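K.L.:
I need the structure of the sequence given here:
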Amino acid sequence: MAFTLERPLASTYTRRAACVFKAWLKQPTQVATIFPSSVFLTERIARRDCVRSADTVVELGPGAGGTTLALLESMKPDARLLAVEKTPDLADALAEIEDPRLTSRLGDAADLIEILRAHDLTKADVIVSGIPFSSIPRATAKRISRSIDDVLTPGGTFIAYQLRDDILHFTRPLFGTPHTQFVMRNLPPLRIFTWTKRLQG
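P.N.:
Modelled structure (predicted):
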């Protein structure tokens with residue numbers, strides 16, 4: 001049974017849209033879009049068996065928290081969600097979500113391994129990323145991809161929603177070919193890439 005949480009004011013689309021737009025005005029190269037994720041996108045990401053059964057979920061680049069809320073609605077009552085956001089204004093919006101399973105952290109996904117250790121975590125069953133791999137330096141994208149591979153459990157799931165397919169340059173050598181879905185009912189329309197980490201041995 002999914003955990004029922006009370007959605008705060010910050011979770012409404014209008015409030016999240018204002019927060020995302022404000023953050024974009026301040027840091028246009030760091031914030032991927034001026035629109036928050038649509039419910040059609042967040043439900044495609046969160047309503048999965050891998051999320052429902054996960055003990056630990058890590059979210060990278062959660063923005064104002066639309067996907068975060070969707071994940072929490074699908075996750076087990078005793079699961080943990082660590083959300084890592086680099087933009088201070090968006091991290092402030094995340095902090096308004098009241099759920100004991102959620103830990104929101106202002107930080108850089110390039111420091112993923114260190115951030116997990118700081119929260120007594122070493123592995124994640126599911127990693128969800130909204131980081132725009134097409135607009136970050138190649139060295140940073142490569143480091144983040146390797147860190148995801150390091151902390152994802154064998155058989156775990158990596159989900160990334162992207163405007164372009166630049167992410168494949170960094171993830172295909174690690175995870176192989178992804179399953180791809182197009183979500184047209186989102187501004188802008190995005191692709192969801194899904195990988196399952198190979199079992200060891």
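K.L.:
And for Pro188, nearest residue in space, chain neighbours not counted?
P.N.:
Leu163 (5.9 Å; C-beta to C-beta, 6 or more residues apart in numbering). The C-beta positions use only the backbone N, C-alpha and C, and glycine is treated the same way.
K.L.:
Please report the distance of the one you found from Leu152.
P.N.:
23 Å (C-beta to C-beta, to the nearest Å).
K.L.:
More neighbours: those two, which one.
P.N.:
Per other C-beta atoms under 10 Å, whichever of Leu163 and Leu152 has more neighbours is Leu152, with 22 against 16.
K.L.:
count of residues packed around the closest residue in space to that one that isn't next to it in sequence?
P.N.:
Here the nearest residue to Leu152 in space, its sequence neighbours aside, is Lys197; by C-beta to C-beta, 6+ apart that works out to 4.9 Å. By other C-beta under 10 Å, the residues close to Lys197 number 18.
K.L.:
do the same with Thr196
P.N.:
16.
K.L.:
ok, it - contacts?
P.N.:
By C-beta atoms under 8 Å, 6 or more residues apart in numbering, the residues touching Thr196 are Gly155, Gly156, Thr157, Phe158, Phe175.
K.L.:
quick one: low-confidence parts of the protein?
P.N.:
Applying pLDDT under 70 to the chain flags residues 1-35, 201.
K.L.:
90 instead?
P.N.:
1-37, 63-65, 87-96, 187, 199-201 (pLDDT under 90).
K.L.:
What ranges does it have for its helices?
P.N.:
13-26, 39-46, 49-53, 66-74, 88-94, 112-118, 138-151, 168-175 (DSSP state H).
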